[in-house]
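Asks: kindly generate the corresponding structure for this input.
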Amino acid sequence: MNAGDGAGDSPISQQEQILIFSNKGHRKVMTILEAKAIGCLTGAAVGDSLGGSTETYSPEQIQERFGGFVTGIVPPFNVNWQTARPVSPFHKGDGHITDDTLMTEALIAVYEKVRDHLDAFSFAENIVPQMIEFERWIPELERESLIVHRVFHAEKWLVLKLHHAHADPREAGVGNIVNCGASMYMSPVGIVNAGNPEGAYAEAIEITGAHQSSYGREAAGVFAACVAAAMIPGATAHSIIDIAIKLAHDGTRSAIEAVVEKADSLNNWQTSLAALREAFRPFDSVGENYKEPGPDARKPSRLKSIEELPLALGFLALSKGDFKEGVLGAINYGRDSDSIATMFGAISGAMHGREAIPIEWAETIERESKIDLISNGKKMAKIASEIAALDKQKWSTRESTMQALLAGK
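Replies: Numbers count the residues shown, from 1 in each chain. The predicted model follows:
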């Protein structure tokens, strides 16, 4: 598979091992798999946290509130965040991760238990306990609680359909509002299938049948494939985008093509926010007022797309994979900015590793959210390595069987 030749990208070295320096200057050696897994999960969490402060608002509202573009970790959009939005009294900003990262950690825990590829049944059996049985620190609630008390209604659907309604996990996502909820936490699937975007797409499509349908499920598969492609040494922004377009279907593919084509004609994110929004608009089902979607919003369609993945890939093209430039574009775009930045951050982080992410952002988020992103990355790298060994064994058995079948009588 060709990794592409995008000028301006600076991927991790293709050596078998790379040197990473800790904050105290001690030299450490880790594999590229570990470095990329750490970068992916760190990038996703950083994007998620930075985007939380600007989520649901327009670029104009964001600039008015913060006195210009947001350039790092900022306080909540609403000073009185406890009462400004009673339906979601969450402390966004100040280095707090949101449900995007909470669900990512839940999926990591599922892989840690199963230690193999997931299907709809193993996913369903293990994701629900992560949501309703195990308390963990919820930064936006400033206390330990269950994930189910933080996630959006579209993610609560997993508990409703799988735990209470005992639905078949292969089709439990049918009937849910179609959104990015299943896509936002699929980066572990990409890590497990590192270098195999087709496998990542298939696995994500399989397991998210329990959560989503239509273009919400399709985007989950494509995003996982993008992460798997970004894990390839030498991957570039456009090698990843090419794979996304190759694997995507229907409105998802058309939206990615339209947004990336527009992004390629632009020079910087600061002057590109309105143009990227205009490129995506024909595929949108939510409408201009993000907090008040119309009566036809979030319904299944072969012509529509979620906004988050095409925009993440648009910022990937615009920034040529540069983490800081792309994530700042994503958070200043507004709307579902935390998920756009999560997806961009996961892809860019997998391309370049944690060293491409501003250390003050990563360390502040880890401290304020009480999360160990390096440990999570190492954990996923180990699991991915184990699963790759199982894959090799399975393929060897199949190859021997085919040789026997093709032999003469």
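Asks: output the longest helix belonging to the protein.
Replies: helix 373-406 (DSSP state H).
Asks: and it, what other elements does it pack with?
Replies: Helices and strands touching helix 373-406, by 3 or more C-beta pairs under 8 Å, 6 or more residues apart in numbering; DSSP states H and E, are helix 32-52, helix 99-114, helix 187-192, helix 359-369. In this view, the C-beta of every residue, glycine as well, is placed from N, C-alpha and C.
Asks: out of these, flag the one nearest residue 331.
Replies: helix 32-52 (4.5 Å; C-beta to C-beta).
Asks: on contacts alone, who are the packing partners of that closest one?
Replies: Helices and strands touching helix 32-52, by 3+ C-beta pairs under 8 Å, 6+ apart, are strand 17-21, helix 99-114, helix 187-192, helix 214-230, helix 323-333, helix 337-352, helix 359-369, helix 373-406.
Asks: want to throw those into JSON lines with mean neighbour count, distance to residue 93 and mean pLDDT?
Replies: What follows is the helices and strands packed on helix 32-52, written out as JSON lines (neighbours: other C-beta atoms under 10 Å; distance: least, C-beta to C-beta, whole Å; pLDDT from 0 to 100):
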{"stretch": "strand 17-21", "mean neighbour count": "14", "distance to residue 93": "29", "mean pLDDT": "46"}
{"stretch": "helix 99-114", "mean neighbour count": "22", "distance to residue 93": "14", "mean pLDDT": "98"}
{"stretch": "helix 187-192", "mean neighbour count": "31", "distance to residue 93": "22", "mean pLDDT": "98"}
{"stretch": "helix 214-230", "mean neighbour count": "30", "distance to residue 93": "25", "mean pLDDT": "98"}
{"stretch": "helix 323-333", "mean neighbour count": "26", "distance to residue 93": "11", "mean pLDDT": "98"}
{"stretch": "helix 337-352", "mean neighbour count": "32", "distance to residue 93": "10", "mean pLDDT": "98"}
{"stretch": "helix 359-369", "mean neighbour count": "17", "distance to residue 93": "10", "mean pLDDT": "98"}
{"stretch": "helix 373-406", "mean neighbour count": "15", "distance to residue 93": "18", "mean pLDDT": "97"}
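Asks: so can I have TSV of these showing distance to residue 163?
Replies: Compiled in TSV, the helices and strands packed on helix 32-52 are given as follows (distance: least, C-beta to C-beta, whole Å):
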stretch	distance to residue 163
strand 17-21	41
helix 99-114	14
helix 187-192	22
helix 214-230	20
helix 323-333	33
helix 337-352	24
helix 359-369	27
helix 373-406	25
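Asks: of these, which is nearest residue 266?
Replies: Closest approach to residue 266 among these (C-beta to C-beta): helix 323-333, 9.9 Å.
Asks: measure residue 362 to residue 30 for me?
Replies: Residue 362 sits 16 Å away from residue 30, going by C-beta to C-beta, to the nearest Å.
Asks: which residue packs closest to the spatially most central residue of the chain, ignoring adjacent ones?
Replies: In the chain, the centroid-proximal residue (C-alpha atoms, centre = their mean) is residue 343; its distance is 3.7 Å. Nearest residue to residue 343, sequence neighbours excluded (C-beta to C-beta, 6 or more residues apart in numbering): residue 312, at 3.8 Å.
Asks: again with residue 353
Replies: Leaving aside its chain neighbours, residue 353 sits nearest to residue 39 (3.9 Å; criterion: C-beta to C-beta, 6+ apart).
Asks: contact partners for that neighbour?
Replies: 12, 349-357, 377 (C-beta atoms under 8 Å, 6 or more residues apart in numbering).
Asks: the same query, at a cut-off of 7 Å, please.
Replies: Contacts for residue 39 (C-beta atoms under 7 Å, 6 or more residues apart in numbering) come out as 349-350, 352-354, 356.
Asks: can you put those in TSV and add distance to residue 135?
Replies: Formatted as TSV, those follow (distance: C-beta to C-beta, whole Å):
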residue	distance to residue 135
349	28
350	30
352	34
353	32
354	28
356	34
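Asks: from those, which is closest to residue 208?
Replies: residue 350 (19.5 Å).
Asks: what separates residue 88 from residue 345, distance-wise?
Replies: Noted for residue 88: a distance of 22 Å to residue 345, by C-beta to C-beta.
Asks: same deal with residue 389?
Replies: 29 Å.
Asks: same deal with residue 234?
Replies: Relative to residue 345, residue 234 is positioned 20 Å away (C-beta to C-beta).
Asks: and for residue 155?
Replies: Distance, residue 155 to residue 345, using C-beta to C-beta: 19 Å.
Asks: same deal with residue 173?
Replies: 25 Å.
Asks: would you list the helices and strands packed on helix 373-406 in JSON lines and tack on distance to residue 339?
Replies: Putting the helices and strands packed on helix 373-406 into JSON lines (distance: least, C-beta to C-beta, whole Å) gives the following:
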{"stretch": "helix 32-52", "distance to residue 339": "7"}
{"stretch": "helix 99-114", "distance to residue 339": "6"}
{"stretch": "helix 187-192", "distance to residue 339": "12"}
{"stretch": "helix 359-369", "distance to residue 339": "16"}
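Asks: of all those, which lies closest to residue 307?
Replies: Residue 307 lies closest, by C-beta to C-beta, to one member of the helices and strands packed on helix 373-406: helix 32-52, at 12.9 Å.
Asks: ok and that closest one relative to helix 337-352, angle-wise?
Replies: Orientation check (axes from the mean of the first three to the mean of the last three C-alpha atoms, to 10 degrees): helix 32-52 against helix 337-352 gives 160 degrees.
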